[in-house]
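Participant: With the input below, show me the fold.
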Amino acid sequence: MFFAIFLVVAVIVGFYFYYTSKPKTVKTFSAEWETLLQEHVRFYRDLPEEKQPEFRERILQFLGETYIDGVGLEINDLDKLLIASSAVIPVFGFAEWHYFNLTGVLLYPDYFDEDMQFANSDKDRNIGGLVGSGRFEKKMILSRKALYAGFDNTSDKNNTGIHEFVHLIDKMDGATDGIPELLLGHQYVIPWVDLMHKTMEEINDDESDIRKYAGTKQAEFFAVVSEYFFERPDLLQAKHPEIYTMLESCFYPKR
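Facilitator: Numbering: from 1, shown residues only. Modelled structure (predicted):
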């Protein structure tokens, strides 16, 4: 009898978490959301007016496929829009794109440490985002503070949200290795690897304006230069034309 009751309770709890964790479908894009996008997402502001409806539709698509939960905070509209924009911007050059390796995003109020702790008393809180593995597989964890900073500062070449979604794109071919095989044509893989290693050496020799973190591993190089590409495209093209051209072919393939 006890086992039967336990089983019923477990099923009810399971259904509760299943349905409450499912993304809530958003069918319309409100005027308030349009205002928030115009105020906070420069990529959207810079789009030709005829392309902006497509961006809004892609936002709704992402929010319909992905749940967003707050850890120690209540999710607001700007949180949703900035996370969704981070997801849409790197793949806006593709007519159809679905993050099949992502089910949900967990938003923390502040930077966190390797143990996912974010209280002021916790040391080494320097992580702004990560793509989960193990028990966090198909999850992304982001810091609200880092997320907002990426969109508020449009001159620093950094954007944590875009960085983490580029990692997710990199991971979609089975390995987070800085070689986005789903985006790069086969003929470009070896030239990309050669260019990546050459530039990483320059970064580690203090001969580049690309953020030092890009010199730590291939996956971080791809994510960091992608931030640069979307945040300061004109500057990247001027200072690193080869990287710019390669990333342009990745993110904006000819349709």
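Participant: how close does T216 get to I203?
Facilitator: 9 Å (CB to CB, to the nearest Å). Placement of C-beta: from N, CA and C, glycine included.
Participant: now swap in T66 and tell me
Facilitator: Distance from T66 to I203, by CB to CB: 33 Å.
Participant: now do L82
Facilitator: 28 Å.
Participant: More neighbours: these two, which one.
Facilitator: L82 (24 against 20; other CB atoms under 10 Å).
Participant: Mind checking what secondary structure the more buried one has?
Facilitator: helix (DSSP: H, G, I helix; E, B strand; the rest coil).
Participant: do the same with L107
Facilitator: Assignment for L107 (three-state DSSP): strand.
Participant: count of neighbours near it?
Facilitator: L107 has 24 neighbours, counted by other CB under 10 Å.
Participant: and what of Y111?
Facilitator: 18.
Participant: Identify the residue spatially nearest to it, adjacent ones excluded.
Facilitator: Closest residue to Y111 apart from its sequence neighbours, by CB to CB, 6 or more residues apart in numbering: R125 at 4.5 Å.
Participant: Doesn't the one you found lie inside a strand?
Facilitator: No. Counting by three-state DSSP, R125 falls outside a strand, being coil.
Participant: Give the burial count for it, as a bare number.
Facilitator: R125 has 18 nearby residues by other CB under 10 Å.
Participant: Just give the nearest non-adjacent residue to E202, would you?
Facilitator: S208 (4.4 Å).
Participant: Now that neighbour. Its backbone dihedrals?
Facilitator: Phi and psi for S208, reported as degrees, to the nearest 10, are phi -150, psi 150.
Participant: follow-up on the earlier one: the residue nearest to Y111 and I210: what is the separation?
Facilitator: Applying CB to CB to R125 and I210 gives a distance of 25 Å.
Participant: next one: T160
Facilitator: 16 Å.
Participant: before we move on, what about F165?
Facilitator: 19 Å.
Participant: just E201 next, same as before
Facilitator: E201 is 12 Å from I210, by CB to CB.
Participant: Specify which residue of the two has the higher count of neighbours.
Facilitator: Applying other CB under 10 Å to E201 and I210 shows that I210 carries more neighbours, namely 22 against 12.
Participant: Ignoring the adjacent residues along the chain, who's closest to the more buried one?
Facilitator: Using CB to CB, 6+ apart, the closest residue to I210 is I203 (5.4 Å).
Participant: Double-check that that neighbour belongs to a helix.
Facilitator: Yes. The assignment for I203 by three-state DSSP puts it in a helix.
Participant: quick one: contacts for it?
Facilitator: 210-212, 214-215, 221 (CB atoms under 8 Å, 6 or more residues apart in numbering).
Participant: Report the buried members of the residues you listed.
Facilitator: Buried subset of those (neighbour count, 16 or more other CB atoms under 10 Å): 210-211, 214-215, 221.
Participant: how would you label L184: helix, strand or coil?
Facilitator: coil.
Participant: Before I go, just wanted to say thanks for your time.
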